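S.K.: Just to be clear, the model below is a prediction. Sequence and coordinates:
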Amino acid sequence: MATVPRGRAGVIAFFRTRIQRWTELGPAIGLGLAEAQALADAIEQAKQASERNRALQSAARAAAKEARRKENDLRRIGGQAIASIRARAGSENDPGVLTLAELPAIKDPRPTPAPSKPTNVRTSIDHEGAIVIAWDATRPRPHARAFTRVQRMLDESGTFELIGTSGTNEYRDDTVPQGTRMAAYRLVPVRGELVGASAETVVVRLGAKAA
């Protein structure tokens, strides 16, 4: 183990706690007056330099924080200026305004894709006898106006009818008439005005029709 600790704070503390005793003992411990004075001066200089370093580091952190704040202000104000220039170019339908301002042309927004098809559709019967349909689907962005239409066909009627919608990945159907032998379900994803491909039809067999 080293006699003198590692690190700036450790070495300063080590000698500061001993300098007075070493100076008083002097020749008894083999330390001359000049050596003790030189050590005392070195301790003081190291302490002052360490304090200046801490002050500079603190100032640097404050300066960095202020620089980030000013950068954010610049981005905000600059963004407002760019928006004003683009608004002028748009209102006059004149892309030359952007050229004068040395700004890139406004790109046409990408068309919003249709919502993805529900997958892994599965059914179950809950404790109250209702049919529960669950599926996997990509979670839409907040406020995307996304939902799933649930269509149903009973027995062999040959016609799917809309029975409800779901904003989650599950739907509970408790409106199946008594005596129904089969219920088929089709899920259609919707986002805004866009309608996606429907999921594969799932069929639930309910047993023989009552006489």
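M.R.: Structure received.

S.K.: Residue 116 is in contact with residue 136, isn't it?
M.R.: No. Using Cβ atoms under 8 Å, residue 116 is not in contact with residue 136, being 9.8 Å away. Quick note: C-beta positions are derived from backbone N, CA and C, even for glycine.

S.K.: Which parts of the chain are strands?
M.R.: Counting by DSSP state E, the chain has strands at residues 119-125, 131-136, 146-154, 161-166, 170-173, 182-191, 194-195, 202-205.

S.K.: ok, the fourth one: who's next to it in the sheet?
M.R.: Pointing back at strand 161-166 there. Using DSSP bridges, strand 161-166 pairs in its sheet with strand 146-154 (antiparallel).

S.K.: In JSON lines, list the strands of the chain along with mean pLDDT.
M.R.: JSON lines is the format used below for those (pLDDT from 0 to 100):
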{"stretch": "strand 119-125", "mean pLDDT": "95"}
{"stretch": "strand 131-136", "mean pLDDT": "96"}
{"stretch": "strand 146-154", "mean pLDDT": "94"}
{"stretch": "strand 161-166", "mean pLDDT": "95"}
{"stretch": "strand 170-173", "mean pLDDT": "96"}
{"stretch": "strand 182-191", "mean pLDDT": "95"}
{"stretch": "strand 194-195", "mean pLDDT": "92"}
{"stretch": "strand 202-205", "mean pLDDT": "94"}
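
S.K.: Need the ones you listed in TSV (columns: mean neighbour count).
M.R.: Formatted as TSV, the strands of the chain follow (neighbours: other Cβ atoms under 10 Å):
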stretch	mean neighbour count
strand 119-125	13
strand 131-136	18
strand 146-154	19
strand 161-166	13
strand 170-173	16
strand 182-191	20
strand 194-195	14
strand 202-205	13
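
S.K.: So which of the ones you listed is nearest residue 54?
M.R.: Residue 54 lies closest to strand 146-154 among the strands of the chain, at 54.7 Å (Cβ to Cβ).

S.K.: Many thanks, we can stop here.
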